[in-house]
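A.B. asks: My questions are about this predicted structure, shown below with the sequence.
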Amino acid sequence: MSAAAARGPLVHRISSALYLHPRLFLLLLLAPPLIWLGIIYLGSLFALLLQSFFYIDDFSGNIIREFSMATYGQLLTIANADVFIRTATMAAAVTIAAALIAFPIAYYMVRHASMRMKALLYLAVMLPLWSSYLVRVYAWKLILAKEGIVPWFAQQLHLTWLLDAALSIPVIGGPSLSTSYIGSFLVFLYIWLPFMILPIVAALERVPASLTEASADLGATPRETFRKVILPLAFPGVVAGSIFTFSLTLGDYIIPGIIGNSRPFIGQAVYQLQGTAGNIPLAAAFTVVPVVIMAIYLLVARRYGAFDAL
Amino acid sequence: MQQKKTAVCFDGVARHFGEVHAVDNVSFEIGDGEFFSMLGPSGSGKTTCLRLIAGFEQPDAGHIAVHGVNVDGVPPYERDVNTVFQDYALFPHMTVSENVEYGLMIRKVAPGERRRQSREMLALVKLEALGDRKPNQLSGGQRQRVALARALINRPGVLLLDEPLGALDLKLREQMQEELKSLQRQVGITFVYVTHDQNEALAMSDRLAVFNHGRIEQIGAPADIYEHPATAFVAGFVGVSNICEGGLAQRLSGNPQPFAIRPEKITMTAANEPVPDGWFSVAGRVRAVTYHGATTRYAVALDGGGELAVMRQNNSGGRPAAAAGETVRLTWPRNLNQLLGGPA
């Protein structure tokens, strides 16, 4: 056999050699992505981490390339803590709301929708991802603006008082939806919702319908079945989705720049520090914060058994 | 089997899925403590009947009663029946013990009592050592036993089994057949067993119903069904039969009514042997010989058209009684002809 292969054309000889040496084949296959991941992906993260330990000389404004905790000292001031709390609270609120909205949609798609309906819903979930993110955010600015679509609708339905009541809530309210936290929350929720729906759909697809029947068969009411069987098994999907919604909200600087009041989120702080202020070390230190928050989040999720059913 | 009490009663039950009549005006009764099988090809309505008893489906017409109580509109979680699912449907995020205790946990039995009963149940199905495993760490046969324990721990009035042995290999299946049967005698619960395997149904059941196209073709004890099939479908589906119709029936028996004759009831002799009184007889030529280990099967082309299958025990050495191409005479007693009702 090998003799026959050796006599064949070069391509055959190469494929035979690779077939007989699967490790070599695997190495060749993985080399390009590993090089990419190692140098460009992890390399930039490492550079980021490194830069966060440099500091700015107050007199000259030059970056001093020496190890120091000075930048982290600067990071942990009250003013900056405000930015973290604001961003993390928004990320948490968006994540919880996304999970609450996404779960019923995902459940309907997996358990009840016909093939046709399911395809339509997939399309509806994916369609916004095909158009420009910026265009969609600006579209929302028009929808939410003081003279925009939502206030107009509220007026037509004689619900302006409700809108005003919502906008008069301290902290999250504001002069109009497009300049309040409510507005940024709505747009964050809209933009990241597909990233919550799709993982939950994937998780629910892996729960056979017979498990629901078995639970009912053993005496569990639908409510108990949901709590004891469906939710625990779909929870890894919710966690996967929340990793997207939470970290994407933590890092975004465009939405709060266009919609919301002018108080900065982490992403905007990073943008200003490395651009206008030229304080690369502090910008890097700011960027480390979402990474740390996500690491803590994942550890807590694991502690609560979110990955047990994987 | 005394049938003073009725465990399950179907009265004119129908279930349609769009144009498909999955169950079509079916009426029957299952006695208390009976091992009752529902046998039929896939799509014959047997599984739908099981799901109707469990409450996963509701009948479009007719009524179902379990232990004399009408269960129309009663959801599965309020019925005194439990199911062993075809894919076992074990909860993957729970241990074996937690799976078995699930029904008791739902009924808020105290944890200590739960543990005690589940240990007892796992001992009954010989899995006492595996309580802390997860289902994905078990073999197919072990999962099957867990599913059984999880259902039986609730002491249901009726236990429903949906092709529970279908995924097991032959040796294990035969072993589990015996264990299931003895378990049923031990616990005394009515078993309703769905299968497409006629051997399984014959070996295990007190009575069985043969389903075809959403209707019951025949109900009876295994020997009844095998020896006296009522229709051509039953004769062909349960075991192997030669079904003779029309001209062939007329030629062989002198009567055009279709009949069935089992291959093992036909005696094959040399062409010139005398025919006993009261026996049918027909001459033919062996077309094919197939060796099956315990038996050998002969396909005999009859003189004047038609073909009969003949089966012989291989109890006289490995040599076939006739070789392909040989002329033979087939004979069988008249009273073994099974006259058949409606067409298949």
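C.D. replies: That came in fine, so what should we check first?
A.B. asks: Helices of the stretch 101-250 of chain B, start to end?
C.D. replies: In the stretch 101-250 of chain B, the helices defined using DSSP state H, counting those that start in this stretch lie at B:111-124, B:140-152, B:170-187, B:198-204, B:222-227, B:232-237, B:246-253.
A.B. asks: tell me the mean pLDDT for the third one?
C.D. replies: Model confidence over helix B:170-187, given as mean pLDDT, is 88.
A.B. asks: Run the angle between it and helix B:111-124 for me.
C.D. replies: Taking axes from the mean of the first three to the mean of the last three C-alpha atoms, to 10 degrees, one finds helix B:170-187 and helix B:111-124 inclined to each other by 130 degrees.
A.B. asks: Tell me which other helices or strands helix B:170-187 touches.
C.D. replies: Using 3 or more C-beta pairs under 8 Å, 6 or more residues apart in numbering or on different chains; DSSP states H and E, the elements in contact with helix B:170-187 are helix B:140-152, helix B:198-204. C-beta: built from backbone N, CA, C; applies to glycine.
A.B. asks: hmm, back to that, quick one: which of the helices of the stretch 101-250 of chain B has the weakest pLDDT on average?
C.D. replies: Among the helices of the stretch 101-250 of chain B, helix B:246-253 carries the lowest mean pLDDT (a mean of 83).
A.B. asks: Can you name the residues in contact with the following helix or strand past that one?
C.D. replies: Moving toward the C-terminus from helix B:246-253, the next helix or strand (DSSP states H and E) is strand B:259-261. Residues outside strand B:259-261 that contact it (C-beta atoms under 8 Å, 6 or more residues apart in numbering or on different chains): B:229, B:232, B:235-236, B:241-244, B:249, B:253, B:308, B:332, B:336-340.
A.B. asks: again with stretch B:71-84
C.D. replies: A:213-214, A:216-221, B:50, B:53-56, B:58-59, B:63-67, B:103, B:144, B:147-148, B:151-152, B:154, B:156-162, B:164.
A.B. asks: do stretch A:38-45 as well
C.D. replies: Residues contacting stretch A:38-45 (C-beta under 8 Å, 6+ apart): none.
A.B. asks: and it, how far apart are its ends?
C.D. replies: Distance between the two ends of stretch A:38-45: 10 Å, counting by C-alpha to C-alpha, to the nearest Å.
A.B. asks: picking that back up, comparing the helices and strands packed on helix B:170-187, which comes out most buried?
C.D. replies: Mean neighbour count (mean count of other C-beta atoms under 10 Å in any protein chain shown) peaks for helix B:140-152 among the helices and strands packed on helix B:170-187, with a mean of 23.
A.B. asks: out of the helices and strands packed on helix B:170-187, nearest to A:Leu29?
C.D. replies: Counting by C-beta to C-beta, A:Leu29 lies closest to helix B:140-152 out of the helices and strands packed on helix B:170-187; the figure is 34.4 Å.
A.B. asks: And the strands in chain A, which stretches?
C.D. replies: Secondary structure of chain A (DSSP state E): strands located at A:55-56, A:63-64.
A.B. asks: Quick check: which of those strands is buried the most?
C.D. replies: Counting by mean count of other C-beta under 10 Å, the most buried of the strands of chain A turns out to be strand A:55-56, with a mean of 21.
A.B. asks: Okay, now the sheet partners of that one, with direction.
C.D. replies: strand A:63-64 (antiparallel) (DSSP bridges).
A.B. asks: For chain B, which residues are neighbours of chain A?
C.D. replies: B:54-56, B:75-77, B:81-83, B:85-87, B:89-93, B:102-103, B:106-107, B:150-151, B:154 (C-beta under 8 Å from any C-beta of the partner chain).
A.B. asks: Only whichever of the residues you listed are buried, select them in PyMOL.
C.D. replies: To isolate the buried members of the residues of chain B next to chain A in PyMOL, using 16 or more other C-beta atoms under 10 Å in any protein chain shown:
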select buried, chain B and resi 54+55+56+76+77+81+82+83+85+86+87+89+90+91+92+93+102+103+106+150+151+154
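A.B. asks: Inside strands: which ones of the residues of chain B next to chain A?
C.D. replies: B:Val81, B:Asn82, B:Thr83.
A.B. asks: Considering those residues, which is situated nearest to chain A?
C.D. replies: B:Thr83 (4.7 Å; C-beta to the nearest C-beta).
A.B. asks: Quick check: longest helix in chain A by residues?
C.D. replies: helix A:78-107 (DSSP state H).
A.B. asks: Are there helices or strands packed against that one, and which ones?
C.D. replies: helix A:181-205, helix A:231-251, helix A:266-274, helix A:280-303.
A.B. asks: what sits against residue 143?
C.D. replies: By default, I'm working from chain A. So A:Ile143 contacts A:Ile149, A:Val150 (C-beta under 8 Å, 6+ apart).
A.B. asks: switch to chain B, that's the one I care about
C.D. replies: B:Tyr88, B:Leu90, B:Pro135 are the contacts of B:Arg143 under C-beta under 8 Å, 6+ apart.
A.B. asks: how about the helices of the stretch 101-250 of chain B, which one is nearest A:Val300?
C.D. replies: The nearest among the helices of the stretch 101-250 of chain B, by C-beta to C-beta, is helix B:111-124 at 27.4 Å.
A.B. asks: what separates the closest one from the chain centre, distance-wise?
C.D. replies: Here helix B:111-124 is found 32 Å from its chain centre; the criterion is C-alpha atoms, centre = their mean, to the nearest Å.
A.B. asks: Could you verify that B:Ser27 is part of a strand?
C.D. replies: Yes. Residue state for B:Ser27 (DSSP: H, G, I helix; E, B strand; the rest coil) corresponds to a strand.
A.B. asks: Relative to A:Ile254, how far out is A:Asn279?
C.D. replies: A:Asn279 is 21 Å from A:Ile254, where distance means C-beta to C-beta, to the nearest Å.
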